[in-house]
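Peer 1: Build me a model:
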Amino acid sequence: MTDRSSENIIGLDLGGANLKFADRHGRARSISFPLWKSWRELEAVLRDAFQQFKPACLIAFTMTGELADCFANAAEGVEYLINTTVAAADGIPVVVWQTSGEFVSPEVGCEFPMLTAAANWMALATWVARALGAGETGLLIDIGSTTTDLIPLADAYACPSGLTDYERLRSGELVYTGGQRTPLCAVSDSVRLDNVEFPLAAELFATMFDVYLILEEIPEDSTDLNTADGRPADIKHARQRLARMVCAGEHQLSQSQLTEMALQFKGSQQELITRQLRLVLKSLTSPPRQIILSGSSEFIGQAVVKSCPELSDVNLLSLPQLLGPELASAACAHALIQLANERV
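Peer 2: Just a heads-up that it's a prediction; the model follows:
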């Protein structure tokens, strides 16, 4: 292990929709980046971001973006993302985190793509598991813009039932729903309005982002155009997007009706996560003593845990409260820095 206490390390979590950075000085940055559309621009964006954290002696890197459909398969995506990151690093050494729980060289990362692919959750789980004492079981609930991770923890280690997204999706430890990018037609197939069950349009007219904007659980940001229709992330436009889900204009539905629709979608999503959470809880050797909440949509995790009577006595640890919202939103990148301090 090298003593890097006086040198900066950059952590990079390279996803399909967001690039997240952190460094040893407690700085963090998240960049919205639709990889599937803009993959050719990735090197320039990374190079510019790295400049903001220099000087640095190391870049610790993980990914989920290899799943983007601009790549023919995961192996192609892994190789492209590694090679692009190395090129953007401009001479700064790069190490790649794998689901085996170790850092490897870029060459080894490309050689074993299934261990490199979708490994960010393991970095976070490995780091936060240290909050558990000997003999304790726990759970990491990490809810982001797109997905939910439900990772069993025991004896200060992550104990997933599988390492690939395919295995974790099958076990319930990966739930493909999040607080922003999830289309509403993936959460429910109908809503009830005026005692009538309305089927939904199977279109990307609105997302959970609109639900939480309307319910004021995510603050408005008129400069944020990462919405279903590319218009501002504010309540006015969120209501218009939500109305389209029942093929209506905003003025055909009252604000109270739109709020009721939003509450139904919120409830449906929480039911989905709760169902998978209970499935994971059954796999634990003993009830969890501690639950660690993380992610940009951590507020959903708070609500899910509170809705489960069997978790009423569990100790809750919130990373956004512990680290602050900015650093917590890049928690996987932050975890990479802590792990690289010890292992590289």
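
Peer 1: What ranges does the stretch 1-150 of the chain have for its strands?
Peer 2: Applying DSSP state E, counting those that start in this stretch to the stretch 1-150 of the chain gives strands spanning 9-14, 18-23, 28-32, 58-63, 94-98, 102-104, 137-143, 148-154.

Peer 1: Check the chain and tell me which residue is nearest its centre.
Peer 2: Geometric centre of the chain, nearest residue: G144, 3.3 Å, by Cα atoms, centre = their mean.

Peer 1: That residue reaches F299, doesn't it?
Peer 2: No. The criterion here is Cβ atoms under 8 Å, and G144 misses it with F299 at 12.0 Å. (Glycine included, C-beta is placed from N, CA and C.)

Peer 1: So for those two, which residues contact both of them?
Peer 2: Common neighbours of G144 and F299, using Cβ atoms under 8 Å, 6 or more residues apart in numbering, are G179.

Peer 1: Let me know the secondary structure of E271.
Peer 2: helix (DSSP: H, G, I helix; E, B strand; the rest coil).

Peer 1: picking that back up, same list (the strands of the stretch 1-150 of the chain) but as TSV, adding mean pLDDT and distance to V78.
Peer 2: As requested, the strands of the stretch 1-150 of the chain are arranged in TSV below (pLDDT from 0 to 100; distance: least, Cβ to Cβ, whole Å):
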stretch	mean pLDDT	distance to V78
strand 9-14	98	11
strand 18-23	96	16
strand 28-32	94	21
strand 58-63	98	7
strand 94-98	98	9
strand 102-104	97	12
strand 137-143	96	22
strand 148-154	96	20
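
Peer 1: Quick check: which of those strands is nearest to R231?
Peer 2: Among those, strand 28-32 comes nearest to R231, with 15.1 Å by Cβ to Cβ.

Peer 1: Tell me which other helices or strands that closest one touches.
Peer 2: strand 18-23, helix 42-51, helix 325-329 (3 or more Cβ pairs under 8 Å, 6 or more residues apart in numbering; DSSP states H and E).

Peer 1: buried set for that strand?
Peer 2: A28, R29, S30 (16 or more other Cβ atoms under 10 Å).

Peer 1: Measure how buried the nearest residue to W121 once chain neighbours are set aside is and give me the count.
Peer 2: Closest residue in space to W121, ignoring its immediate chain neighbours: D149 at 4.7 Å, by Cβ to Cβ, 6 or more residues apart in numbering. D149 is surrounded by 23 other residues when neighbours are defined as other Cβ atoms under 10 Å.

Peer 1: just the CA coordinates of stretch 122-130, formatted as CSV?
Peer 2: What follows is stretch 122-130, C-alpha atoms only, in CSV (Å, rounded to 0.1, in the frame of the first residue of the first chain):
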residue,chain,number,x,y,z
MET,A,122,-19.6,-3.1,-5.1
ALA,A,123,-17.2,-0.2,-4.4
LEU,A,124,-19.9,1.6,-2.4
ALA,A,125,-21.0,-1.6,-0.6
THR,A,126,-17.4,-2.5,0.3
TRP,A,127,-16.8,0.8,1.8
VAL,A,128,-20.0,1.3,3.8
ALA,A,129,-20.0,-2.3,5.1
ARG,A,130,-17.4,-1.1,7.6
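
Peer 1: Run through who's touching that stretch.
Peer 2: 13, 62, 97-99, 101, 138, 140, 142, 149, 151, 153, 156-158, 160, 163, 292, 294, 319, 331-332, 335-336, 338-339.

Peer 1: gap between it and the chain center?
Peer 2: Between the centre of stretch 122-130 and the centre of its chain there are 14 Å (Cα atoms, centre = their mean, to the nearest Å).

Peer 1: do stretch 131-139 as well
Peer 2: How far stretch 131-139 lies from its chain's middle: 23 Å, per Cα atoms, centre = their mean.

Peer 1: in the stretch 101-250 of the chain, which spans are helices?
Peer 2: For the stretch 101-250 of the chain, the helices defined by DSSP state H, counting those that start in this stretch occupy 106-111, 113-116, 120-128, 165-171, 208-214, 235-244.

Peer 1: mind listing what's buried in the second one?
Peer 2: Translated: helix 113-116. Residues P113, L115, T116 are the ones in helix 113-116 that count as buried (16+ other Cβ under 10 Å).

Peer 1: so the last one sits right up against G109, yeah?
Peer 2: Just to be clear, that refers to T116. Yes. The pair T116 / G109 is scored as a contact, 4.5 Å apart, by Cβ under 8 Å.

Peer 1: list the residues that contact both of the two?
Peer 2: V78, I82, V96, Q98.

Peer 1: hmm, back to that, let me have the strands of the stretch 1-150 of the chain in CSV, extended by distance to L272.
Peer 2: Below are the strands of the stretch 1-150 of the chain laid out as CSV (distance: least, Cβ to Cβ, whole Å):
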stretch, distance to L272
strand 9-14, 24
strand 18-23, 22
strand 28-32, 25
strand 58-63, 26
strand 94-98, 29
strand 102-104, 33
strand 137-143, 12
strand 148-154, 9
